[in-house]
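please find the sequence and the predicted model below.
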Amino acid sequence: MLSVLSRFDRRRTLQGGAVVTVVLGLLLWWVLPIGESSPTGSLTFSTGVRNGVYQRYGERLEEALGTDLPEVSVRLQTSEGSQQNIERVATGKADFTIATADAVATFMQSGRPGAQRLRACARLYDDYVQLVVPRDSDVQEVADLRGKRVGVGQPGSGVRLVADRLMGAADLDPAKSVVPVPVGIDTMPTRLANGTLDAFFWSGGLPTNAVQELSERLPIRLVPLGDPLITRLQAVGGSTRYYRSAVMPADAYLNAQQGQAVPTVAVANLLVTTDRTDPAMTEAFTRTVIASRDGIGREVHSAQVVDMRTAIYTDPLPLHEGARRYYRSVKP
């Protein structure tokens, strides 16, 4: 009798174990769909000039990707800025990059190779245009730059694009009305400090370390870039519609602004790739960008404003399918 009961108990135990195994299997299939695994391979991320915001952002993002995507090798590639970044991604020389919306729109409107393949992963943060001069300079507005030695950014940079347009809106010929010096944020502060520049344009997140450090060793100020200059800039049409009026908060650069907010021009930064990039890779990449916001933001302050609610607004580019999958997966 005991033997019969024992066999019955064993059979019931085995049946119960089988049910539990099936249930656990179904749960795992639901949580971790079969066939999905962490991406592998390599990718190139085109950043910007050394010591610039794009480069510092790329370095912090590389660390986050190393944790989240351990089977993916990430290579950072410095650049002159947005215009060169877009060209690299469009032509397959890089896989991901950051670029301003005006630079993207300009590239697309030019019909250059690869323009129609460009896709976005996220809207990141805004760049603020900063016209920096010594505090005792007689430059009070852009028109006062006539005849001055002006740092305008490197030829492939986003700052060069907006600097030329702002000077044009102020009735200055960027090539003739000023002495244009085609250098980047890695050298412009030093040149202003040693007197080989009278002013320089910069377009970047707030605060930009290079400008912050300059303000701590040299009395400088930021020239207002408000109306009617912005109205004239936007009236050109085309890609200039991506510029908007903005205000640099009084505490962006305490030493330079001396408690005063400064009107300026802002433009959104986009995280860009192409339709050639694998959707699984793009989804994972986008996930890390959003998830690492706070960690990156502790060192690159502009990254703190990356927001899930606005990340999907990537005009003039459509979202990449992989990025769209990510946003759908986290939609409440």
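Arrived safely, thanks for sending. Residues are numbered from 1 along each chain as shown.

correct me if wrong: residue 87 contacts residue 156.
Yes - counting by C-beta atoms under 8 Å, residue 87 does reach residue 156; the two are 7.4 Å apart. From N, CA and C alone the C-beta is placed, and that goes for glycine too.

following the lengthiest strand in the chain, which helix or strand shows up next?
As assigned by DSSP state E, the longest strand anywhere in the chain is strand 118-134. Using DSSP states H and E, the next helix or strand after strand 118-134 towards the C-terminus is strand 149-151.

and that next one, what does it pack against?
If contacts are counted by 3 or more C-beta pairs under 8 Å, 6 or more residues apart in numbering; DSSP states H and E, strand 149-151 sits against strand 179-181, helix 188-193, strand 199-204.

show me what contacts residue 303?
57, 60, 124, 125, 205, 293, 296, 297 (C-beta atoms under 8 Å, 6 or more residues apart in numbering).

was I right about the last one contacting residue 307?
To tie it back to what came earlier, the one meant is residue 297. No - using C-beta under 8 Å, residue 297 is not in contact with residue 307; the gap is 11.5 Å.

who's more crowded, the two?
When residue 297 and residue 307 are compared for neighbours, residue 297 comes out ahead with 17 against 14, by other C-beta atoms under 10 Å.

for that one, give me phi and psi.
Here is the backbone geometry of residue 297 (degrees, to the nearest 10): phi -60, psi -20.

excluding its backbone neighbours, what's nearest it?
Computed as C-beta to C-beta, 6 or more residues apart in numbering, the closest residue to residue 297 that is not its neighbour in sequence is residue 304, at 3.5 Å.

checking the one you found next. Helix, strand or coil?
Here residue 304 is recorded as helix under DSSP: H, G, I helix; E, B strand; the rest coil.

where does it land on pLDDT?
Residue 304 is assigned a pLDDT of 88 by the prediction.

I'd say it and residue 295 touch.
No - between residue 304 and residue 295 there is no contact under C-beta under 8 Å: 10.4 Å.

returning to that earlier point: what's the average pLDDT for the longest strand of the chain?
Here the average pLDDT along strand 118-134 is 97.

then stretch 250-264?
The pLDDT scores in stretch 250-264 average 96.

end-to-end on it?
Taking C-alpha to C-alpha, to the nearest Å, stretch 250-264 runs 12 Å from one end to the other.

list phi and psi for residue 231.
phi -60, psi -40.

just residue 116 next, same as before
Note on residue 116: its backbone torsions stand at phi -70, psi -10 [degrees, to the nearest 10].

tell me, what's the model's pLDDT at the residue nearest to it when sequence neighbours are not counted?
Using C-beta to C-beta, 6+ apart and skipping the chain neighbours, the partner closest in space to residue 116 is residue 108 (7.8 Å). Confidence at residue 108, expressed as pLDDT, is 96.

please apply the same query to residue 11.
Residue 11 is assigned a pLDDT of 54 by the prediction.

just residue 23 next, same as before
Turning to residue 23, the model gives it a pLDDT of 44.

next: the one 3 residues further on.
Among the per-residue scores, residue 26 holds a pLDDT of 43.

any regions of the stretch 201-332 of the chain where pLDDT drops low?
By pLDDT under 70, the low-scoring segments of the stretch 201-332 of the chain are 332.

ok, and for stretch 251-263, which residues are buried?
If you call a residue buried by 16 or more other C-beta atoms under 10 Å, then stretch 251-263 has these buried ones: 252, 253, 256, 257, 262.

stretch 96-116 too?
By 16+ other C-beta under 10 Å, the buried positions in stretch 96-116 come out as 96-108, 114-115.

and that stretch, how far apart are its ends?
First-to-last residue span, stretch 96-116, C-alpha to C-alpha: 16 Å.

can you start the count at 67 instead of 1 from here on
With the count now opening at 67, the last piece we talked about shows up as stretch 162-182.

now that stretch, how far from the centre of its chain.
The chain centroid and the centroid of stretch 162-182 are separated by 14 Å, computed with C-alpha atoms, centre = their mean, to the nearest Å.

and if you look at stretch 107-118?
11 Å.

picking up where we left off before, looking at the buried residues of stretch 162-182, which are in strands?
Among the buried residues of stretch 162-182, the ones falling in strands (DSSP E) are 162, 163, 164, 165, 166.
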